[in-house]
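Chemist: Build the 3D model from these lines:
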Amino acid sequence: MQRKKLGLLATLGPGILVAATGVGAGDIATASLAGSEVAYAILWAAVAGAFIKFVINEGLARWQLATDQTLLEGAVYHFGRIVQWFFVAYLLAWSLGVGAALISACGVTGHALFPVFRDAQVGKVFWGVAHSALTVLLVLVGGFKRFEKVMTVLLVVMFGSVLAAAVMSKPDWGAVGRGLFVPRIPTNVNPDAGKWTLALMGGVGGTVTMLCYGYWIREQGRVGAGFLRTCRFDLLVSYSVIAIFGVSMVLIGRGLHLTEEGATGMMIKLADQLGKTLGRPMRWAFLAGAWAAVFTSMLGVWQAVPYLFCDFWQLLKHPRPRAGPRAGDAANPRAAVDTRSWIYRGYLLALATVPMIGLGMNFAYVQRTYSLLGAVVMPLLALALLILNNRTDWIGREYRNRPLTNVVLVAILAFFVYAAYVTFVTGKDVIS
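Modeler: Down below sits the predicted model:
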């Protein structure tokens, strides 16, 4: 199949979706708190966090383009049914947690922008339900191209407001340069500097939603290894945006006196403090950017996570590899997920409604639960890519991991295992 030429939006589209979906309330809270606690010294950690997510997503894309199998298909075909059932159990738990967190986050930011109710809890419920309903409508009626355009506009709002606030905070650019290019953990400045370094590296750029990239590129017709260079460029731009966003939030948090609490409540207090230091217009601009961040996360999750469940459902029908292209032969590509199917729409509606039970829960608890669930997937993805992408008979010699990629994947695996040890064994909060 001849590779078709792509326009700029088509080239960057899936990466834009990754960036818009992968940055949410938790990322804003973690990066700004890190800046408040440690200032410039750990800026490099935001870049490192974006880089490790790039390595994982590049590996996911390379596997799919070389084999025309999603990562879930490859894992089930080669590791067995236990992976399939573990995945769906995990996906259901994660969906409940992330759905509750996103509905609550949209509710709180919606009420902050439009406080039409005196009772904040009533406002949170109203705006949370309204955002979820609007998202379902956009997904069902708008189609993939309109979804892509809406996400692009909202990403510009989110990125522009945060970058403007960072520049207006008048940082010490010399210290910024040292923080970016001289990696260190300044425990002499703050005894918890190690904690904030790990939190910043682990929290930026999304977790489970990285799996959605493979379905988005299939929607665009990117099939076959001829699109590998396009995907690498697309992802490089995406994670560069995410890195700049993380760095900007650290700069915004620097010098402000922030406290650890629910991520969305902290964003509103952050906006209030920015209003005092940079003026009320910046408060509203930052609130608009924060709203765009949480709404794009909801829109991306609502649109793409049902793909994952559809993939699981198809694997029930096809437990063994189907005949099709191998190692870049895109003569008979798999079709994209049918978004009109009852499986896709049923999961979408369940995702948009069932987690509403979390509206009555403490937001900080909901945020922590879903963040921990999301963090679990990172070492599993690194391990899967170490196995799948190193088997020449599965992926082909040309597309297997390079030695440096393997080193990075092992480092990612070790990082998250250590983070889990610190969090669950020592009782310290590392991944927030």
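
Chemist: so where's the stretch 1-150 of the chain shaky on pLDDT?
Modeler: 1-10, 25-26 (pLDDT under 70).

Chemist: could you show me where the helices are in it, in order?
Modeler: Taking DSSP state H, counting those that start in this stretch, the helices of the stretch 1-150 of the chain run over residues 8-22, 25-38, 43-67, 71-79, 81-113, 120-168.

Chemist: Let me have the ones you listed in TSV, extended by distance to residue 207 and mean neighbour count.
Modeler: Any C-beta I mention is one placed from the backbone N, CA and C, and that applies to glycine too. Shown next, in TSV, are the helices of the stretch 1-150 of the chain (distance: least, C-beta to C-beta, whole Å; neighbours: other C-beta atoms under 10 Å):
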stretch	distance to residue 207	mean neighbour count
helix 8-22	8	23
helix 25-38	10	27
helix 43-67	9	24
helix 71-79	14	21
helix 81-113	9	21
helix 120-168	18	18
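
Chemist: Quick check: which of these is nearest to residue 202?
Modeler: Comparison of the helices of the stretch 1-150 of the chain against residue 202 by C-beta to C-beta identifies helix 43-67 as nearest, at 6.6 Å.

Chemist: in the helix or strand where residue 282 lies, what's buried?
Modeler: Residue 282 is located in helix 280-317, with elements delineated by DSSP states H and E. Using 16 or more other C-beta atoms under 10 Å as the test for burial, helix 280-317 gives 282-312, 314-315.

Chemist: packing partners for it?
Modeler: Counting contacts by 3 or more C-beta pairs under 8 Å, 6 or more residues apart in numbering; DSSP states H and E, helix 280-317 packs against helix 8-22, helix 25-38, helix 71-79, helix 81-113, helix 120-168, helix 213-219, helix 263-278, helix 342-353.

Chemist: now the angle between helix 342-353 and the longest one, please.
Modeler: Here helix 120-168 points in a direction 90 degrees away from that of helix 342-353 (axes from the mean of the first three to the mean of the last three C-alpha atoms, to 10 degrees).

Chemist: so how far is helix 120-168 from its chain's centroid?
Modeler: Mean-position distance between helix 120-168 and its chain equals 15 Å (C-alpha atoms, centre = their mean, to the nearest Å).

Chemist: I'd guessed residue 309 sits against residue 88; true?
Modeler: Yes. Taking contacts as C-beta atoms under 8 Å, residue 309 lies within contact range of residue 88: 7.4 Å.

Chemist: how about the helices and strands packed on helix 280-317 in JSON lines, adding distance to residue 401?
Modeler: Below are the helices and strands packed on helix 280-317 laid out as JSON lines (distance: least, C-beta to C-beta, whole Å):
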{"stretch": "helix 8-22", "distance to residue 401": "21"}
{"stretch": "helix 25-38", "distance to residue 401": "28"}
{"stretch": "helix 71-79", "distance to residue 401": "14"}
{"stretch": "helix 81-113", "distance to residue 401": "20"}
{"stretch": "helix 120-168", "distance to residue 401": "30"}
{"stretch": "helix 213-219", "distance to residue 401": "17"}
{"stretch": "helix 263-278", "distance to residue 401": "35"}
{"stretch": "helix 342-353", "distance to residue 401": "32"}
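
Chemist: returning to what we had before: now the helix holding residue 282: average pLDDT?
Modeler: Helix 280-317 carries an average pLDDT of 89.

Chemist: And stretch 246-253, by the same measure?
Modeler: The predicted model assigns stretch 246-253 a mean pLDDT of 84.

Chemist: for it, the distance to its chain's centre please.
Modeler: 18 Å.

Chemist: Over to stretch 119-134?
Modeler: Distance, centroid of stretch 119-134 to centroid of chain: 23 Å (C-alpha atoms, centre = their mean).

Chemist: cool, stretch 23-41 as well?
Modeler: Chain-centre distance of stretch 23-41: 16 Å, with C-alpha atoms, centre = their mean.

Chemist: for stretch 396-404, same thing?
Modeler: Distance, centroid of stretch 396-404 to centroid of chain: 26 Å (C-alpha atoms, centre = their mean).

Chemist: For that stretch, buried residues please.
Modeler: Judged by neighbour count (16+ other C-beta under 10 Å), stretch 396-404 contains these buried residues: 399-401.

Chemist: What is the end-to-end distance of it?
Modeler: 18 Å (C-alpha to C-alpha, to the nearest Å).

Chemist: Contacts for that stretch, please.
Modeler: 59, 62-63, 65-66, 225, 228, 326-328, 385-386, 389-392, 409 (C-beta atoms under 8 Å, 6 or more residues apart in numbering).

Chemist: Which of these fall within strands?
Modeler: Using DSSP state E, no member of the contacts of stretch 396-404 sits in strands.

Chemist: Quick one: buried ones out of these?
Modeler: Listed as buried from these are 59, 62-63, 65-66, 225, 228, 327-328, 385-386, 389, 409; burial here means 16+ other C-beta under 10 Å.

Chemist: what would those look like in JSON lines with distance to residue 175?
Modeler: Compiled in JSON lines, the buried ones among the contacts of stretch 396-404 are given as follows (distance: C-beta to C-beta, whole Å):
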{"residue": "59", "distance to residue 175": "34"}
{"residue": "62", "distance to residue 175": "38"}
{"residue": "63", "distance to residue 175": "40"}
{"residue": "65", "distance to residue 175": "41"}
{"residue": "66", "distance to residue 175": "44"}
{"residue": "225", "distance to residue 175": "43"}
{"residue": "228", "distance to residue 175": "38"}
{"residue": "327", "distance to residue 175": "48"}
{"residue": "328", "distance to residue 175": "47"}
{"residue": "385", "distance to residue 175": "36"}
{"residue": "386", "distance to residue 175": "37"}
{"residue": "389", "distance to residue 175": "39"}
{"residue": "409", "distance to residue 175": "32"}
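
Chemist: Distance-wise, check the residue lying closest to residue 275 once chain neighbours are set aside relative to residue 113.
Modeler: Distance criterion C-beta to C-beta, 6 or more residues apart in numbering; nearest residue to residue 275, sequence neighbours excluded, is residue 283 at 3.0 Å. The gap separating residue 283 from residue 113 is 11 Å, by C-beta to C-beta, to the nearest Å.

Chemist: Check residue 162 too.
Modeler: Counting by C-beta to C-beta, the gap from residue 162 to residue 113 is 16 Å.

Chemist: swap in residue 243?
Modeler: Residue 243 is 27 Å from residue 113, by C-beta to C-beta.

Chemist: Show me the contact partners of stretch 300-310.
Modeler: In contact with stretch 300-310 (C-beta under 8 Å, 6+ apart) are residues 17, 20-22, 72, 88, 91, 95, 98-99, 102, 132, 135-136, 139, 147, 151, 208-209, 211-212, 215-216, 337-339, 341, 343-345, 347-348, 351-352.

Chemist: who touches residue 282 in this structure?
Modeler: 164-165, 168, 274-275.

Chemist: What number of residues are in the vicinity of the nearest residue to residue 44 once chain neighbours are set aside?
Modeler: Closest residue in space to residue 44, ignoring its immediate chain neighbours: residue 183 at 4.6 Å, by C-beta to C-beta, 6+ apart. Here the number of neighbours of residue 183 (other C-beta atoms under 10 Å) works out to 14.
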